[in-house]
Each structure stands twice: as structure tokens, then as C-alpha cells.
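> Got a sequence here, can you model it:
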Amino acid sequence: MGDLEPAGWERELGTTRTIQSVDDLVPILKENFASGPVCLYISSNAVLVLHSYSSGKKDSTSKKSSLGRSAGRSVSLAVAASPSAFPGWLDSVHKSILSIVLRAYARLTRFGRDACILFSGESGAGKTVCCKACMCHLASFSPVCRGGGDDKRLGNLLLQIGPLLDAFGNAATARNDNSSRFGKCIGAVFDFRGHLVGAKVLHFMLERNRVSQRKVGERNFHIFYQLLKGAPGQLLRSLHLKSDVSNYQYISRSGGPSTAGSTDKADFAFVLEALKAIGLNEEQMLAIWHLIAAILHVGQLKFEKYAQEGATILNRPVLKVLSPLLGLRENDIEEFVCFKHGPDGEVRVQIEEAVRRRDVLAQALYDQIFLWLIQAINTILRPQPDEHDRIVTTPGYKETYRNINFVDLYGFAQQEASSFEQMCMNYSCEKVHQVFLSNTIKDRLQCFQEEGVATREIFFTDNLPVCDLFDDNNQGVFTLLDRATCDLPEEGSGDKAFLDLMDFNVAGHEAYTSRQVDPGDQVLCPFLDFRVRHFAGGVTYTIDGFVSSNRDIMTEAVGDLFLRSSNVIAKDIGIHQTRGEVTPNSTVGVNFRNAITTLADSIEHQDGYHVRCMKPNDTKAPK
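Numbering: from 1, shown residues only. The predicted structure follows:
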């Protein structure tokens, strides 16, 4: 596999040892885990981090952290890190992780090389907190953070977006108190002098169905609980909210890890500061709280049968509360959830369909709020060229910005019945793992072979066949799902057609199976489940809702609805909502696949660095 070779000033962390197989690596991990956190180099550009689940002796509410120190310099985290931002265990291993950032920055300034630092591992392994630490470290030694005024403000902004994205994009799951339910690539932008001049955030599919549907023992997105626990009483009263989460269907019975929610009140204060920092005024912040509160109230809508014609809203007082929060007339809201267009005009839907439309309204609205925040962040972080950027004295030198990208995608997860969104997340993990294998093993073996260097045989599992199962343009999972989506446009149809297409086209693939392909597999439900053998293990996917999630036509209907809103954020959402016919090139699955593939391809053309995060156990036992 390679040498565990600390570089330069990290040499005191351990001695060089040669690893020939996993059997050699496991005893080393166990030995070091018994005495504290583990951080091992597996190549010159890759480090393996083993989560210790130890809170350490660090004061979690400290306004400063050693994570921001490098070569005698420090950066204040007073406005950048929420109380739960950096667990104590990371302090013990941060030198090895952060040396990756130092190496990337050195090559950027000396050779003009873009860099990508990729954080990978299963859910709960510590990817997000390692990513935050690396960003904090970069801000600490980048020249832009040594000055004052706007320069210092830019450094703090880069640090503040982490807790803000956590609040709106993360949730507590059974495996992780702060699980990222979206993928992100945060690019720090530098000029030719190596000065930090801006940043940009790219995000990948938010798990928006979490808004209305969660597994037992999990929580909704953090921001709902932070608002109820941290907002002043006057604001809650104006939103018609109470602090007790059990009052609201979308967040009651959440459960979640015992430590989840312990910092909700304090984290809300950091969210407020971050919203101000990205340029939101009081009206815009209030509009966001109106929409977040409206989502909770939408979940309270109940329905009853209206004569023989369909569904009507049972608890109309909730509708009266929703109207001013959404900036819509009561009739507009009721028409959206209880009516649909038919051949003869508007017709009432049945109760089950009304419930589905209610949940789609909440999910789509939350997704668009999240997208709006990303756009606001990118607007404030956009590089602003000065004279030094426009005038370059070196003859023949073409000015271009350089980037260090921090990629923190989803953690791989296995659930009893995984959804379309979880399939997309696990697909991204496959692509990331393929990049990891290419940069750490495959490319090096090819280089040795081309140069005639004798090497011993190295055994590893290549997940390229699994990637091909999804990526094939003729018979791949996303292509077949598109075929079912576009050939059967009627709502509620297509899921079984998709599974039939899979069984017919990829039945012989080594990574695919279903009950129809293997009748002896009693775990899979016939005509409902299929299983993919991912690099990290088999995952069962339930096809229910795959086609409707891939089509996503209701999001456009939500955009049309909010064009009539008086809420400044909701109206902006309606204006910017894209519209168009659903085609094979415009579905959610294909757009996601293209985005992840583009990201993977771009990483191949940059200096690649890897922080591979691992969990020692599933019980979060510190030792």
C-alpha cells in the first residue's frame, strides 16, 4: 500500500513503517488507537485519520483553538466556529492533517498549481470537521489574514460559511451528530501573489426529503431546532411558534443521538452573525425565519374528504397562520395542495395526493432557501480585482486566479430501505473512492511500469465496475432511470418500469441484483427492491418514488406559486426558478451525475490531496 512516512516537521508523530497488506495496517491502528487519536501518512499526498470519539480536555466553548495556529501565527475563531465546531480529538492529530494544506499552498505559490483536498470516508468519520480545520489553517497563514480591514473580513467570512452551511445543510443521524446532507466544494481563490482574494461554494443535491421524512432516531436539519431553542420569545411569537419541538410533526419524534441538540441555542447566535456577515439585512433575515417557520406550519396541515370530490384542509386556522408567513393568499396555498390541473380545469386531489403535495411544498421551499443562501454566500465572497490583479509586470505572464478546493461530499451509508437521494449520495462516494484509488495506487503503479521500476504485486479492490454500472450512457442506472422518467410522464408511474429495465439490461452485472434476478435472495422484496454492491458494502434501494424524485416537476410549480408572494426571499425564489420540459438531459439524476463527473474530472487535472477518515467502531466508543 505504501510507506507511512511523515514529512518534514511532522516526523515526530511516528516512525516510517512499510505496509504490505491490510493485515499489517490493522494492528498499527489498534495499537495507536489505544493511546489516542491516530493519523497516518499512506503516501506523500494522503493521510488517514482514525476518529477517536474522545472529547479531549479542550474547552469546547473556547474562542480560540490551536487549529488556527501555524508557525507562531493565530487566527481568531470567535466569529467563525460554533461551540460544537471542533471536537477535542482533532487537536491531537491536526498537524498531520494541516500539513496537507501547507503543501498545497506552497505548490500554488511556487508553481501556480491548483489544488484539491478531498475528504472521504463513511458517515460520522469526521470529514466535515477535518475540512473546517483545514480551511481555518489556510486562513491563518494566507497573507490576506495578516492585514486589517477588508482583508481580515474576507478571512473571517471564509471561516463563517462553515457553521452557516452546517445549520441549514446538516442533521443528526443515528451514525453522526452532524451529518452533511449535501455535498460541497469550497474553493479558496488566490491571486498571482498567493493572496486570498475570494472564494466560491459549489453544492450538490441537498437531501430535501428529510424535511418531511426521516428514519427513526434521526433529526431534521439543525436550523429548525436552533430557531426554536435560540430565537428570542418575541420572534417566536411573531412566527406563531413554541419552543417545544414536540408541537410540530416535521421535527417531533426525531430522537437522534443523545448529544444532538445540546448546542442548538448557542449555535443559533452564530448563525445570526454569519447571516449578517454575508450581507443579509434585517428584512431578508426576517423573511428567512418566516419561511423556515412556514415549513413547520405546513407540516401541521391535515386533510379530510370533501363530499365525494376529493380532499380539503381540515384545520383551517393553520392556513391563516401560513398566509402571512409565505406572503400568499390562503386560496393560493389551498389550491396548490388540494387541486391539480385536469382536462376540464381544476380538480380536487385525493387525501393521499394532498399529503404528498403538502410535503413537496415544504421540501421544495427548503431546498430553494438553501440554494438562495449559497448564492448570497458566493456574491459576498466573489473576488474583487484590484490594480495588482490587473497589472502584471512579468512579460508574457497571463493573469489567472488559482484555487485550493476543499471537497467534502456525503458519507457512505447503508440503510434498510435507501431512497433515490441516498443512491445519489452513495454514487458520489464511489466516484470519490475511484479518484482516491487513482491518485494513491493506480497512477503510481502505471508510472512504475512505464519507467521499468520493479514493484511487488499489490492487491486492491478496484470499484471502477460499480462506477460504470451508474455511468454507462446506454445501460447505466441513471440512463435507465431517465428512460422510465421521460417515457412515462404521468405522476405515480414509472418506478416498476425502471426496475424492469434494470433487471433486463444489467442483470448480469457483478454489482447488481434483485429478487427477480436472484429469486433465492429472500431479503429483497419482489418488484420493489434492488441491491448494489458498493465498494463499502451492499445497499438495498427501494424504488418507491424514484421516478417522481428524478422528474421533480413540482419544484417548478412551487416556483410559479412564489411568483405571487410578498415575501422578499420567496419572490426571489420564484423569479429564479428554472422552467422547462422534462428531458433526458434535465432530470435530477443526470444533472447530479454530470456535476459529480465534472468534479472528478477537474480533480484529475489538479494537485490532488486526500484526507481519508475512518471510524473505529459503530458505537462511538472512545477506546
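
> Give me the most central residue, the protein.
For the chain, Phe182 is the residue whose C-alpha lies nearest the centre (CA atoms, centre = their mean; 2.0 Å).

> measure that one to Asn170 for me?
Going from Phe182 to Asn170 by CB to CB, to the nearest Å gives 8 Å. (Each C-beta comes from the backbone N, C-alpha and C, glycine too.)

> and what of Asp601?
Taking CB to CB, one finds Asp601 at 27 Å from Asn170.

> Tell me which other helices or strands whichever helix in the chain runs longest touches.
Longest helix in the chain, counting residues (DSSP state H): helix 351-381. Helix 351-381 sits against helix 150-169, strand 196-204, helix 282-298, strand 303-306, strand 310-313, helix 330-338, helix 553-562, helix 568-576, with contacts defined as 3 or more CB pairs under 8 Å, 6 or more residues apart in numbering; DSSP states H and E.

> how about a cut-off of 6 Å?
Where contact means 3 or more CB pairs under 6 Å, 6 or more residues apart in numbering; DSSP states H and E, helix 351-381 is packed against strand 196-204, helix 282-298, helix 330-338, helix 553-562.

> Serialize those to CSV and add fields for mean pLDDT, distance to Gly121 and mean neighbour count.
What follows is these, written out as CSV (pLDDT from 0 to 100; distance: least, CB to CB, whole Å; neighbours: other CB atoms under 10 Å):
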stretch, mean pLDDT, distance to Gly121, mean neighbour count
strand 196-204, 90, 17, 20
helix 282-298, 97, 30, 20
helix 330-338, 94, 40, 18
helix 553-562, 81, 31, 18
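
> out of these, nearest to Ala376?
helix 282-298 (8.3 Å; CB to CB).

> May I have the closest one exported as CSV, CA atoms only?
Extracted in CSV, the C-alpha atoms of helix 282-298 (Å, rounded to 0.1, in the frame of the first residue of the first chain):
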residue,chain,number,x,y,z
GLU,A,282,-32.9,42.7,8.8
GLU,A,283,-35.7,42.3,6.2
GLN,A,284,-34.1,39.4,4.5
MET,A,285,-33.2,37.6,7.7
LEU,A,286,-36.8,38.0,8.9
ALA,A,287,-38.0,36.7,5.6
ILE,A,288,-35.9,33.6,6.0
TRP,A,289,-37.3,33.0,9.5
HIS,A,290,-40.8,33.4,8.1
LEU,A,291,-40.2,30.7,5.5
ILE,A,292,-38.5,28.3,8.0
ALA,A,293,-41.4,28.8,10.4
ALA,A,294,-43.9,28.3,7.4
ILE,A,295,-42.3,24.9,6.7
LEU,A,296,-43.1,23.8,10.2
HIS,A,297,-46.6,25.0,9.9
VAL,A,298,-47.1,23.4,6.5
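
> For that helix, which outside residues touch it?
Contact partners of helix 282-298, identified using CB atoms under 6 Å, 6 or more residues apart in numbering, comprise 227, 239, 241, 248, 250, 275, 318, 321-322, 325-326, 361-362, 366, 369, 567-569.

> Can you give the distance of stretch 430-450 from its chain's centre?
25 Å (CA atoms, centre = their mean, to the nearest Å).

> got the end-to-end distance for that stretch?
The straight-line separation of the ends of stretch 430-450 (CA to CA, to the nearest Å) is 27 Å.

> Could you pull up the mean pLDDT of it?
Summarised as a single mean, pLDDT over stretch 430-450 is 81.

> ditto for stretch 596-606
Here stretch 596-606 scores 88 as its mean pLDDT.

> got the buried residues for it?
For stretch 596-606, the neighbour count (16 or more other CB atoms under 10 Å) marks Ile596, Leu599, Ala600, Ile603, Gln606 as buried.

> any idea which of the residues you listed is closest to Ile377?
Top of the list for closeness to Ile377, among those and by CB to CB, is Leu599 at 18.5 Å.

> do you know how far that closest one is from Ser43?
As for Leu599, its distance to Ser43 is 21 Å (criterion: CB to CB).

> Next: Ile186.
When CB to CB is the yardstick, Ile186 and Ser43 sit 24 Å from each other.

> neighbour-wise, which of these two wins?
For Ile186 versus Ser43, the count of surrounding residues by other CB atoms under 10 Å is larger for Ile186: 25 against 18.

> Can you give the strand pairings for the strand or helix carrying the more buried one, parallel or anti for each?
Using DSSP states H and E, Ile186 maps to strand 183-190. When pairs are called by DSSP bridges, strand 183-190 turns out to pair with strand 196-204 (antiparallel), strand 402-408 (antiparallel).
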